[in-house]
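Peer 1: give me coordinates for this.
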Amino acid sequence: MELHGETEFNVYANPVVSKDGEKVLYDGYATFVEGHSRFTYSLVDGAAYLETNDSSSNAASVRCIPPSTLPFGKILPALNHATPIPSASIGDEPVECESGNLFKTTFAGVHYAICSTGEDGFTALASDLSIDVEYLDEPVSISKPTLSDGSSCKTSHMAMAASSCACNSTPRPCIFFHGLGNEKEEPKLQDSIRHFGWDKLQGHTPCCTVVKYASLNTVDYAWTNSSLQEKVCTHSLSMSDKSDKSSKTIEDTIVVTHSMGGLMLAGALANKECKLGKSATWIALSPPMTGSMSSDYLMDFCNGEVRNLMTDLLFNGRCPTSTAQQSCAYETEKYSDEKLDAAYDAAQEAYRKHVFAAMCSSSYVGNISKYQAKYMVGGRVIPHKSSKNDGLVEFHSCAGGLSPKQFGRTHWDQFYQCELNHADTAFKTGDGIFKDTVRPIKWFECLL
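Peer 2: All right, here's what the predicted structure looks like:
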């Protein structure tokens, strides 16, 4: 588990007793340095803040973040509900506790074993996370930040990961297809690509005998383009000798698609450019199966129909809209037409028939990362059909006609209703902390 590239970090917290003396809450903060930027997350008086300082430009900003990002308020209830246990293990490894004072509790949906060391503190252990708690002699100084715009934050609470998995099916080659926004097409498959968190996935793909990434032109070509769909098929067919190129049947291959990449594969299957055989598996991440209102709003913006500060910041340099962007116009809305609507319908049918697993988000807040602010703006400013979106794609669009009842909210669910933004679902930020709806890496690792 990493935050801003760090696997070890310190969080400082002070207990604060409520005025009526009946509750104990926590103020706290943590600081991270990534490149030229220094990020300080703090929770003060129930409100959560993110302070960013850029040493290269001396730029500084302070903004609100959802209080759920920093769930210090759940610490005490979790400790109060801790119960003694004789032993614990993580996988096949027993939990060592020299004091013999071992307890169990659940914090934000994650199970922990707690080894108490008396007055010195305690250690809390989960499958992928260990927390060493040390009691300090004096309280730490935690000041309330002042927002850049002079406003105030609403009171608020966040998320993280757990447990490694082995492959429980047949290991096979894995190929990943990105969404729109890639201009440079590569004829050969790549070992890494900026559109996925390929580095975060390393070591977490137990069912992949090899991992390759396709790099296709998803700027100048619509997802409905037959040539683009054919390339999706050609690359997929190349992954295994068991695939039948004469019948265009993909076998012995795990195909992973993100965003518009899902429409590209669904369109290819609908148009019989290729077929998925019984030993092929399709995993879809945030596919806009009914399109995305971000495309419609961008076209409104480029046509001069909408102007405001947040939209200017969000869409700066994005005009004119690309062919690929236009092809993701929302189904039945003003920028779509009968031909595109029919293509969507056919793609959705292929999706429902062939997709093995899907990750769809119902929250644009996502993980703590450099992408978070952008998608929070997108989730709020773009006129999505629903507040349940990842900043670009609504949960409903991602589901593509699959029943919401098929989706669960843990990383063990085949159809995963997560709380991740659009970058998070491409594994760019790894796993989040403290709750089970922000674990894309763990979901993928344990899926097959």
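Peer 1: I'd guessed residue 444 sits against residue 203; true?
Peer 2: No: the pair residue 444 and residue 203 fails to qualify as a contact (CB atoms under 8 Å) at a distance of 11.8 Å. The way it works is simple: take the backbone N, C-alpha and C, and place the C-beta from them, glycine included.
Peer 1: so for the two, which residue has more residues nearby?
Peer 2: residue 444 (26 against 10; other CB atoms under 10 Å).
Peer 1: which residue, neighbours along the chain excluded, lies closest to the more buried one?
Peer 2: Counting by CB to CB, 6 or more residues apart in numbering, residue 204 is the residue found nearest to residue 444 once chain neighbours are left out, at 6.7 Å.
Peer 1: for the one you found, what are its contacts?
Peer 2: Shown in contact with residue 204 (CB atoms under 8 Å, 6 or more residues apart in numbering): 164, 441, 442, 444, 445.
Peer 1: and residue 169, by the same measure?
Peer 2: By CB under 8 Å, 6+ apart, the contact set of residue 169 is 207, 448.
Peer 1: quickly find the element holding it.
Peer 2: Per DSSP states H and E: residue 169 is located in neither a helix nor a strand.
Peer 1: same thing with residue 230?
Peer 2: helix 226-237.
Peer 1: from the contact counts, what lies against that helix?
Peer 2: Helices and strands touching helix 226-237, by 3 or more CB pairs under 8 Å, 6 or more residues apart in numbering; DSSP states H and E, are strand 172-177, strand 208-214, strand 249-250, helix 260-270.
Peer 1: please name whichever of the ones you listed is nearest to residue 85.
Peer 2: Between residue 85 and the helices and strands packed on helix 226-237, the shortest gap by CB to CB is with strand 208-214, which sits at 36.1 Å.
Peer 1: may I have the closest one exported as PDB, CA atoms only?
Peer 2: Once side chains and other backbone atoms are set aside, the C-alpha atoms of strand 208-214 remain, and they are given as PDB (Å, rounded to 0.1, in the frame of the first residue of the first chain):
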ATOM      1  CA  CYS A 208      -1.200 -13.400 -15.600                       C
ATOM      2  CA  THR A 209       1.700 -15.400 -17.100                       C
ATOM      3  CA  VAL A 210       2.700 -12.200 -18.900                       C
ATOM      4  CA  VAL A 211       1.300  -8.700 -18.900                       C
ATOM      5  CA  LYS A 212       1.100  -6.600 -22.100                       C
ATOM      6  CA  TYR A 213      -0.400  -3.200 -22.900                       C
ATOM      7  CA  ALA A 214      -1.800  -2.200 -26.300                       C
END
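Peer 1: can I get the buried part of the contacts of residue 204 as one PyMOL selection?
Peer 2: Per 16 or more other CB atoms under 10 Å, the buried members of the contacts of residue 204 correspond to this PyMOL selection:
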select buried, resi 441+442+444+445
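Peer 1: what's the most distant pair in the contacts of residue 204?
Peer 2: Using CB to CB for every pair in the contacts of residue 204, the one that comes out farthest apart is 164 and 444, at 12.1 Å.
Peer 1: what is the longest helix anywhere in the chain packed up against?
Peer 2: When secondary structure is assigned using DSSP state H, the longest helix within the chain turns out to be helix 338-354. Taking 3+ CB pairs under 8 Å, 6+ apart as contact, the helices and strands that helix 338-354 lies on are helix 260-270.
Peer 1: list the contacts of the helix it packs on.
Peer 2: 176-180, 216, 218, 223-224, 228-230, 232-233, 236, 255, 257, 273-276, 282, 284-289, 324, 327-328, 343, 346-351, 354.
Peer 1: not counting sequence-adjacent ones, nearest residue to residue 190?
Peer 2: Taking CB to CB, 6+ apart, and ignoring the residues beside it in sequence, residue 190 has residue 213 as its nearest neighbour in space, at 4.6 Å.
Peer 1: pretty sure residue 183 sits against residue 221.
Peer 2: No: in this structure residue 183 lies outside contact range of residue 221 using CB under 8 Å: 10.5 Å.
Peer 1: same drill for those two, tell me which one is more crowded.
Peer 2: Using other CB under 10 Å as the criterion, residue 183 and residue 221 rank with residue 221 on top: 21 against 11.
Peer 1: gap between that one and residue 392?
Peer 2: From residue 221 over to residue 392 the distance is 19 Å, taken as CB to CB, to the nearest Å.
Peer 1: same check on residue 218?
Peer 2: Between residue 218 and residue 392 the distance, using CB to CB, works out to 14 Å.
Peer 1: same check on residue 31?
Peer 2: Spatial separation of residue 31 from residue 392 under the definition CB to CB is 30 Å.
Peer 1: how about residue 103?
Peer 2: To residue 392, residue 103 is 43 Å away according to CB to CB.
Peer 1: okay, those two: which has more neighbours?
Peer 2: Neighbours around residue 103 and residue 392, counted as other CB under 10 Å, are more numerous at residue 392. The numbers are 27 against 19.
Peer 1: would you list the phi and psi of that one?
Peer 2: Main-chain dihedrals, residue 392, degrees, to the nearest 10: phi -130, psi -40.
Peer 1: show me the shaky parts of the stretch 301-448 of the chain.
Peer 2: Per-residue confidence of the stretch 301-448 of the chain (counting by pLDDT under 70) places the weak regions at 434.
Peer 1: all strands for it, in order.
Peer 2: With DSSP state E, counting those that start in this stretch, the ranges of strands along the stretch 301-448 of the chain come out as 357-361, 415-418.
Peer 1: which neighbouring elements make contact with the first one?
Peer 2: Read that as strand 357-361. If contacts are counted by 3+ CB pairs under 8 Å, 6+ apart, strand 357-361 sits against strand 281-285, helix 395-399, strand 415-418, helix 440-447.
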